[in-house]
Structure formats: C-alpha cells, structure tokens
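Chemist: I need the structure of the sequence given here:
(chains A, B and C)
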Amino acid sequence: MKNEWPLWEVFIRGQHGMSHRHVGSLHAPDAEMAIKNARDVYTRRNEGVSIWVVEANHIAASSPSDKGPLYEPSESKVYRHPTFFDIPEEVGAM
Amino acid sequence: MYAQMVKSEATQDDPEQLAAFQARIDAGEKIEPKDWMPEGYRKTLIRQIGQHAHSEIVGQLPEGNWITRAPTLERKAILLAKVQDEAGHGLYLYCAAETLGVSRDEMTEMLLDGRMKYSSIFNYPTLNWADIGAVGWLVDGAAIMNQVPLQRTSFGPYSRAMIRVCKEESFHQRQGYDAIRKMAEGTPEQKKMAQDALNRLWYPSLMMFGPSDKDSVHSAQSMAWKIKMNTNDELRQKFVDQTVPQAEYLGLTVPDPDLKWNEERGHYDYTDPDWSEFFEVIKGNGPCNTDRLAARNKAWDDGAWVRDGLLAHAKKKAGRQHAAE
Amino acid sequence: MNAPLAKEEAFLQFLLRMGDNTLILGHRVSEWCGHAPVLEEDIALANTALDMIGQTQMWLGLAAEVHGPGKSADDLAFLRDAWDFRNVLLVEVPNGDFGRTLMRQFLFDAWHSIQLGRLMKSSDERVAAIAEKASKEVAYHLERSADTVVGLGDGTEESHRRMQEALDYLWPYAGEMFQSDDVDAEMVKAGIAPDPASLREEYDVLVSRILNEATLTIPESRFAHKGGRTGAMHTEHLGHLLTQMQWLQRAYPGAKW
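Modeler: All right, here's what the predicted structure looks like:
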C-alpha cells in the first residue's frame, strides 16, 4: 500500500534570465518523469524556459533554531552595503 | 467555503511558547514548516488545507461532466483547461499540506473513506450547459472571495499556494460569466437554461461560506492564528453584494423574493439558505455525495497498477544504472 | 470513386483526415479529466487533449475554408454524421484502462510525429505552417507516451500484462494509418503530403525500439482493420462518441455558445 511516488521540489527559470526559483513540488517515480510532470504542472502559462527538480529528501535545510547564529551576525556588517558610503554629489553616480 | 466548518484543534502547549508563537503571527511573520508550532495549529491546518485540496479534486467532477458535451471546440478547450487548473490547484494544496508531515496518499485515503470532507457545493449536479457558466461565475466567484485574503494567511506554504491559485482563478470566474452571458443573451431555450442554473446553484453557493457566524464555533482560534481571515457572514454578504448586480446585468432573477437593497446598511438583505439542507449534504445526503466519492474511489483503485508499475520501473532502472556504474 | 478526384476535393479529404484524427483522439483523451491514476497524469493528459483540440481547430479551420464560404471548424466537428468522418479507427476505440489509452496514444503519436515532419515540407504553406506548430507539441506527446509505455511495460507483472493486452488489442488498428488511396495519390502528386505507405518503415523502427524497451511483443499478424480514413466503415463506437459531442449543437440548431 505504501507505494507513494517520491516528492520532488521544482525550480524554474523564467523568461528573463533570472535564477531558477522554487515554484512548488510534485510527485513522480523518477527524475525524468519529475521534469516532465513539472513541465505539465508548472509551465502551463509560459512560466519557464528551464526546469530543475530535486528529490525533496535530498535537500539539506538550515534549522530555524540556528536563525540567530546564521543570520544575525551579518546584520552588524553594514559596510557591505553600498549605501554605507557617502559619495560626494559632484562625483556623480557610482 | 472550500474549507467549511474546519474544527480547530485544542492545543496543550507551554503557555510561554504559545505566547511567543502568537506574537509572531500578530507581527505578520510567516510560519514555515520547520518552525515550532502548536500541535493544534498543525492539525487544524492539515484539516483545512486538505479539505481545500479535496474540494479542488472532487470539484473536477461536476464540471468534467460537461467536457465531452461542450458545444464548440473553443468552449471545450476552455472548460478542459479550467478543470485541469482545478487539478493543479489540488496539487499545490496537497503539497502545502505535505510540509506539515502528512502524505498526499494519506490525505487521499482519508477523503476516500469519508474521514475528510470537501466543499458541500460539489455534491450538487451540473444539469445543463449553463451550469458550467454558473459554476465559474458563482462557485469560483465565492471561492475567490475566500482565497484572496488567504494569500495573507500565516502559514508560508499555504500562503504561497494561495497566491498561485488566485493568479489562475480569475480566469475561471471570467470564463464562467462569459459563458453564462452568451446563454442569457441567446435563444429563449438558452436563457431558460441560464435561469435554471442560477435557480439551482444560488443557495448552494451561499452555503459555501459555511454556517452563520452565530452557529460557527471554531472560528475564533482559527482567526487568531490567521488561517481563517474573515467570518462566514462577512464573506457571504460580500458575495451577495457583488453578485446581485452581475445577475441583473444578465437579465436573470436571483431566486430570492425577499432580496432587496438596504440603504441603511449599505448591503443587500437576503434570505439565508436552508441550513438543514446544508447539514444533510455535509452528512452525506446531498444529491451527488455517493456518486462523487464512488468516482474518486474508482479512479484511485483503477490507477493503483499504474502508480505501482511506473514506480517499479523507476526502481529497476535505478538499479540497472547503479549496477552499470 | 473511379473518376479522377479533383485536387480540391482530395485536399479537403486530406484535411478532414488530419483534423478528425485529432478531434476524435482529443475527445477521447479529454474523457480522462478528473479520473486519471494520479494528479500529475491527470494534468498531463489534459495538456495532450488541449493540444489536439487546438490542432483540430487549425486543420478543420482550413478544411472549412477549402469547403467554401459560410462553414466553420465547429460546423465540421459538430454537424457531420459518422460516415463523413475521416479519422482512423484507432482513435475512436474506447479508452479502456489507462494502459490502453497510453498505448493508443503512443501508436498514434509515433505516426503523427513522422507525418508532421513530412508535412512541414508541404508545398502548401498553410499545411506546412500547421505542421510546424503541431510538430513541437507532438514531439512532447511522443516522448511522454513512449516513456509511459516503457515504464508500464517494464514495470510490475500486472502492468506488463495489461500493456501487452493493450498492444494486442490495438495493433490491428495501427495498419490503417499507412494505407494509401487515390486521395493520397493526389496529395503526393501535388507535393502536399507524403504517401502514407512511405512512413511505415520509419514507424516500424521507432515503434519496435520502444516496445522492445518496454519488453512487449509486437503481434505477428499484419492484419489491419480499415474503413475510418475513407469513411467506408467506422466502428460502432464513433456514433456514441458523436451523440455526446454533438448533442447541444444538434438539439439547439443555430444557437450561439
């Protein structure tokens, strides 16, 4: 009875040269069928030009409890952002 | 709505954790699958998203009933694309529910053996071609009313699924109105079909929003959790206010002799649906409950060998590739 | 049909053959909507059916144009009787189980993809343009139906058995796609379409490769049912299909939908 097709995560690159973006999931017996199913399920309205699929249980994810250590340290590194620096108006756009 | 009378689960968690969780929701943060959440929140969501997904899938049947009888090639293509979208919406929603730790097959089995419900509306038959227009116009119109606010629901995967669904859904309502307009402006027989469809589907559409707020016991918790965004009566009133002028434009009569504009309230006064009928339908005694579930069971049972066969092949192929490496 | 066919009449027959194939098969496939073994297949089958309805609109649209003023693709689809239909028998047989539906799809897609490849070089620009658009859709149909036939043929014992049964049932209907008559001769002469018989070799190579991969055995008999593409004798199934498909147009003549 427990013969469910594995779950796949689907990533699609849209028309405009952007990165592949996670659009959703689906079930398929293998990677090839997952790509075909993704084409049929997630590109019905011209949404994409390239498809990636990855079996959901192969995705390693960060844990929510690590949120602090993982992301907060970057909050104090404001100098990484271009707006940190004042450029004299006379210099023009930079 | 597509999710009617979803029972909120009581929750027995650490009060401090609960308060922190509620604070996140109140601050408009999204809850993601790996975040801590009260067990009641998780269970209520599974029930609600599952019921919503089941509604999409069972909802394919009444409209699918007319695919092979669509009167023109274009109408056939539009209807098929529309019913296909319902399958897609069901799929997105099942996937959202799966992030909560329940599999699609488990949910399917619960639908098939009656443990999970779907919207009462799909237990009504589609009897003439105008029903296809009326379903898009009224049923999808009512659904949108609930789904648009749900794009802001607190659970991330549900919210993202609703955003996708809503993008596709306005096509549904518009094609429905377009189809029934053709009928309302057509021959006397076509006009009769259109009126007949409205007569039969008006009250069942009002029932989609669920029982009156005074009889709806589960709303408060779900609203606090932002998995229910408006009360049943709020949405029902909004639906009536929006739909009545649309019916007038078509020259069709809403089957409610007491329907009238209330200047003071700024809303239409309308007659409530017969709630005893609604509860009968929920219990399984609607005109099509038995047939709908039988059709879903048949598709599932007949498809077992296909699902098993393709999976067996995938495993063989992987094994052969492995051996060759 | 002993008198030589006028080219226009032959062209019309050819267009009806193309359009009726996709009309009837698209109709059959659409019957699955809401009943497929798994949601992903339900959605994929609907896509296939939608492509075929679109192709029907193009083929029958052109046929209506050739037919003369005041006719539309819808008139041809909804107001002809069974004997006027020119689809091969293969596409009108009932769906049966999912295996038979996909086997029928594969046997048709394989022919269709080869046929459209040739039609892209048609001397008639309108035909070439339709073939060009349809061939992309059909390339995908073929990939998908072939994969599924292989997956189910080489799946479980039960899926293998069902696919072999499907092939045994459908194989006698494959041959009709390659039977040539005077309509075809006229099309060949005008450079509009290939001789159906000339597609057989490529078809056999393609189909044998896939069915072999699917561990299925092609029946030895080359016997072929016929009568669909000439309209001489359809199966009993077509009339029932038309009864449903044409009902509204027949019951309410002249109404706009």
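Chemist: only C-alpha atoms for contact and neighbour calcs from this point on.
Modeler: Will do.
Chemist: ok, now how distant is the residue of chain A found nearest chain C from chain B?
Modeler: Here chain A gets closest to chain C at one residue, residue A:40, 5.4 Å apart by CA to the nearest CA. Using CA to the nearest CA, to the nearest Å, we find residue A:40 at a distance of 10 Å from chain B.
Chemist: that residue against residue C:47, yeah?
Modeler: Yes: shown here, residue A:40 and residue C:47 form a contact pair, counting by CA atoms under 8 Å, at 7.0 Å.
Chemist: so for those two, which sits in the more crowded spot?
Modeler: Applying other CA atoms under 10 Å in any protein chain shown to residue A:40 and residue C:47 shows that residue C:47 carries more neighbours, namely 24 against 21.
Chemist: looking at this, that one is in a strand?
Modeler: No: with DSSP: H, G, I helix; E, B strand; the rest coil as the criterion, residue C:47 is helix rather than part of a strand.
Chemist: check it and give its pLDDT.
Modeler: If you check residue C:47, the pLDDT there is 96.
Chemist: excluding chain neighbours, what is closest to the residue in chain B that chain C sits nearest to?
Modeler: With distances taken as CA to the nearest CA, chain B approaches chain C most closely at residue B:303, which sits 3.8 Å away. Once flanking residues are discounted, residue B:303 sits nearest to residue C:37: 3.8 Å by CA to CA, 6 or more residues apart in numbering or on different chains.
Chemist: now do the host helix or strand of residue C:109, average pLDDT.
Modeler: Secondary structure from DSSP states H and E places residue C:109 in helix C:98-119. For helix C:98-119, the mean per-residue pLDDT is 98.
Chemist: extract the C-alpha set from that helix and format it as PDB.
Modeler: C-alpha atoms of helix C:98-119 as PDB (Å, rounded to 0.1, in the frame of the first residue of the first chain):
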ATOM      1  CA  PHE C  98      -5.100   3.800 -18.600                       C
ATOM      2  CA  GLY C  99      -2.600   1.400 -20.300                       C
ATOM      3  CA  ARG C 100      -4.700   1.000 -23.400                       C
ATOM      4  CA  THR C 101      -5.200   4.800 -23.600                       C
ATOM      5  CA  LEU C 102      -1.500   5.400 -23.400                       C
ATOM      6  CA  MET C 103      -0.600   2.600 -25.800                       C
ATOM      7  CA  ARG C 104      -3.100   4.000 -28.300                       C
ATOM      8  CA  GLN C 105      -1.600   7.500 -27.700                       C
ATOM      9  CA  PHE C 106       1.900   6.100 -28.400                       C
ATOM     10  CA  LEU C 107       0.900   4.200 -31.500                       C
ATOM     11  CA  PHE C 108      -0.700   7.400 -32.800                       C
ATOM     12  CA  ASP C 109       2.000   9.800 -31.700                       C
ATOM     13  CA  ALA C 110       4.600   7.800 -33.400                       C
ATOM     14  CA  TRP C 111       2.800   8.100 -36.700                       C
ATOM     15  CA  HIS C 112       1.800  11.600 -36.100                       C
ATOM     16  CA  SER C 113       5.300  12.900 -35.400                       C
ATOM     17  CA  ILE C 114       6.600  11.300 -38.600                       C
ATOM     18  CA  GLN C 115       3.700  12.600 -40.600                       C
ATOM     19  CA  LEU C 116       4.000  16.100 -39.300                       C
ATOM     20  CA  GLY C 117       7.800  16.100 -40.000                       C
ATOM     21  CA  ARG C 118       7.000  15.400 -43.700                       C
ATOM     22  CA  LEU C 119       4.100  17.900 -43.800                       C
END
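Chemist: ok, now which ones touch the residue in the stretch 151-257 of chain C that chain A sits nearest to?
Modeler: Sorted by distance to chain A under CA to the nearest CA, the residues of the stretch 151-257 of chain C start with residue C:151, at 9.7 Å. Under the criterion of CA atoms under 8 Å, 6 or more residues apart in numbering or on different chains, the contact list for residue C:151 reads B:309-310, B:313-314, C:214.
Chemist: returning to what we had before: distance of the residue nearest to residue B:303 from chain A?
Modeler: Spatial separation of residue C:37 from chain A under the definition CA to the nearest CA is 12 Å.
Chemist: same question, residue C:124
Modeler: With distances taken as CA to the nearest CA, residue C:124 is found 30 Å from chain A.
Chemist: give me every residue that touches that residue.
Modeler: Taking CA under 8 Å, 6+ apart as the definition, contacts of residue C:124 comprise C:191-192.
Chemist: please repeat the previous calculation with a cut-off of 10 Å.
Modeler: Remark: with contacts taken as CA atoms under 10 Å, 6 or more residues apart in numbering or on different chains, residue C:124 is in contact with C:190-193.
Chemist: restricted to helices, list those residues.
Modeler: Using DSSP state H, the members of the contacts of residue C:124 that fall in helices are residue C:190.
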